[in-house]
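Q: no FASTA, just this:
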């Protein structure tokens, strides 16, 4: 099995989708390359739960291993030799937390070697080949595609996703190459498909993360109170503890153990506030907000990401960097994202600060959670 460090992924063109007949309780879809209509993304959490309930005790297949952030894949060794590094780079995709990090962990296994029999039991698989390749047959048979049949077009591959091929709770993505394609032509088709595969994996992973985050339900009571009393609203899970500290509104989730995982965000405002601001002004404002935290922090600006974006129809200035414990304290650090949002009709500029402490953990899941909460911010009246 082989893995390699990531580089940033690339946005992908949209894919069309059409359904293929399948047994009741299963979701089968084929994404056709090169069309303009955006693909719909199956609901992973709901679908997998339904499949487990439906098949449960009468299914002899084992429960899938691993986690959804790990993508185990196979293709012919000849094809992998030509395009493997590009697949790893494009699908793993670089993100920055406290260092260059993985969005996904992609591992390759030769389908002709014995370990593939075990690897194919994992939760998230990517298989690449023609309908005649032995490792493609079980996947395509589930959606009624026979050996020699065409998925996609004669000149471009198609993408099929199937649940529970070799194990229960599993999702297999198959990039189906046209029959008779030579290795060089197949490699080029794979290269062209990488952005779309990354987009698909990322969209489904985000859906899974958000569903998991809100398993306790959104805190609608707190959201209503914030709007009525403080002029803003946010959508966050009930598990967050609301801790107002004078003019700073703090929301903390340190479950299950604060020594292993902390997610926190805070909201404050200035009135009147500037409609435009700079990075230095935001970081200075943040340093004042941090004085209200139970966790002292200083900012490391060695890796600083700053951008303007639009959220809820309003311009948002975003700054992302690394927080650290002060010098002499226990060495701890993590990423933070701070937003400045002007609400001129209220005569206010809001600062929303979200930060994460997750040592020795994959951080992409938690960064998605914080991003989802940040994107829910609204000024009253929006």
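A: Looks like it arrived, so ask away. The structure presented is a predicted model; accordingly, all values stated were derived computationally and were not measured. Residues are numbered from 1 along each chain as shown.
Q: ok, now which ones touch the residue nearest to the spatial centre of the chain?
A: Nearest to the geometric centre of the chain sits residue 206, at 3.8 Å (Cα atoms, centre = their mean). Going by Cβ atoms under 8 Å, 6 or more residues apart in numbering, residue 206 touches residue 368. C-beta coordinates here come from the backbone N, C-alpha and C atoms, glycine included.
Q: start at 14, not 1
A: With 14 as the first residue, the last one maps to residue 219.
Q: let me know the helix or strand that it is in.
A: Element membership for residue 219, per DSSP states H and E: helix 196-226.
Q: now the helix or strand just after that helix: mean pLDDT?
A: Sequence order places helix 233-243 as the next helix or strand after helix 196-226, per DSSP H and E. Helix 233-243 shows a mean pLDDT of 93.
Q: can you check stretch 346-355 too?
A: Rounded mean pLDDT across stretch 346-355 is 96.
Q: gap between residue 154 and residue 187?
A: Taking Cβ to Cβ, to the nearest Å as the measure, residue 154 falls 11 Å from residue 187.
Q: neighbour-wise, which of those two wins?
A: Between residue 154 and residue 187, counted using other Cβ atoms under 10 Å, the more crowded position is residue 187 (29 against 14).
Q: could you give the bridge partners of the more buried one?
A: With DSSP bridges applied, residue 187 shows beta-bridge pairing to residue 140, residue 173.
Q: the lengthiest strand in the chain: what's the following helix or strand?
A: When the chain is parsed with DSSP state E, its longest strand is strand 311-324. Using DSSP H and E, the next helix or strand after strand 311-324 towards the C-terminus is strand 327-337.
Q: what's the next secondary structure element after that following strand?
A: strand 346-356.
Q: doesn't residue 385 make contact with residue 226?
A: Yes - between residue 226 and residue 385 a contact is recorded at 6.9 Å, counting by Cβ atoms under 8 Å.
Q: for those two, indicate the residue with more neighbours.
A: Comparing residue 226 with residue 385 by other Cβ under 10 Å, the one with more neighbours is residue 226, at 21 against 17.
Q: okay, the more buried one: pLDDT?
A: At residue 226, the pLDDT value in this model is 95.
Q: the closest residue to it other than its chain neighbours sits in which helix or strand?
A: Using Cβ to Cβ, 6 or more residues apart in numbering and skipping the chain neighbours, the partner closest in space to residue 226 is residue 382 (4.9 Å). Under the criterion of DSSP H and E, residue 382 resides in helix 377-388.
Q: packing partners for that helix?
A: Contacts defined by 3 or more Cβ pairs under 8 Å, 6 or more residues apart in numbering; DSSP states H and E place helix 377-388 against helix 196-226, strand 275-283, strand 346-356, strand 361-370.
Q: save those as CSV, and put in distance to residue 247 too.
A: Shown next, in CSV, are these (distance: least, Cβ to Cβ, whole Å):
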stretch, distance to residue 247
helix 196-226, 13
strand 275-283, 7
strand 346-356, 11
strand 361-370, 8
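Q: in which helix or strand would I find residue 99?
A: Counting by DSSP H and E, residue 99 is part of helix 90-105.
Q: what is the orientation angle of that helix with helix 196-226?
A: 40 degrees (axes from the mean of the first three to the mean of the last three Cα atoms, to 10 degrees).
Q: next structured bit after helix 90-105?
A: strand 107-109.
Q: quick one: that following strand to chain centroid distance?
A: Distance of strand 107-109 from its chain centroid, counting by Cα atoms, centre = their mean, to the nearest Å, is 12 Å.
Q: after it, next one along is what?
A: strand 113-115.
Q: flag every buried residue along that next one.
A: If you call a residue buried by 16 or more other Cβ atoms under 10 Å, then strand 113-115 has these buried ones: 114-115.
Q: chain center to that strand: distance?
A: Centroid separation between strand 113-115 and its chain, computed with Cα atoms, centre = their mean, is 13 Å.
Q: now stretch 295-314
A: Using Cα atoms, centre = their mean, the offset of stretch 295-314 from its chain centre is 27 Å.
Q: check what contacts that stretch and list those residues.
A: Contact with stretch 295-314 is made by 258-259, 261, 263, 275, 277, 279, 281, 283, 330, 332, 334-340, 342, 346, 349, 351, 353, 364, 366, 368, 370, as judged by Cβ under 8 Å, 6+ apart.
Q: kindly recompute the last result at 7 Å.
A: Outside of stretch 295-314, the residues within contact range by Cβ atoms under 7 Å, 6 or more residues apart in numbering are 258, 261, 263, 279, 281, 330, 332, 334-339, 351, 353, 364, 366.
Q: and what of stretch 325-337?
A: 111, 290, 292, 295-296, 310-314, 316-323, 346-354, 368, 391, 395.
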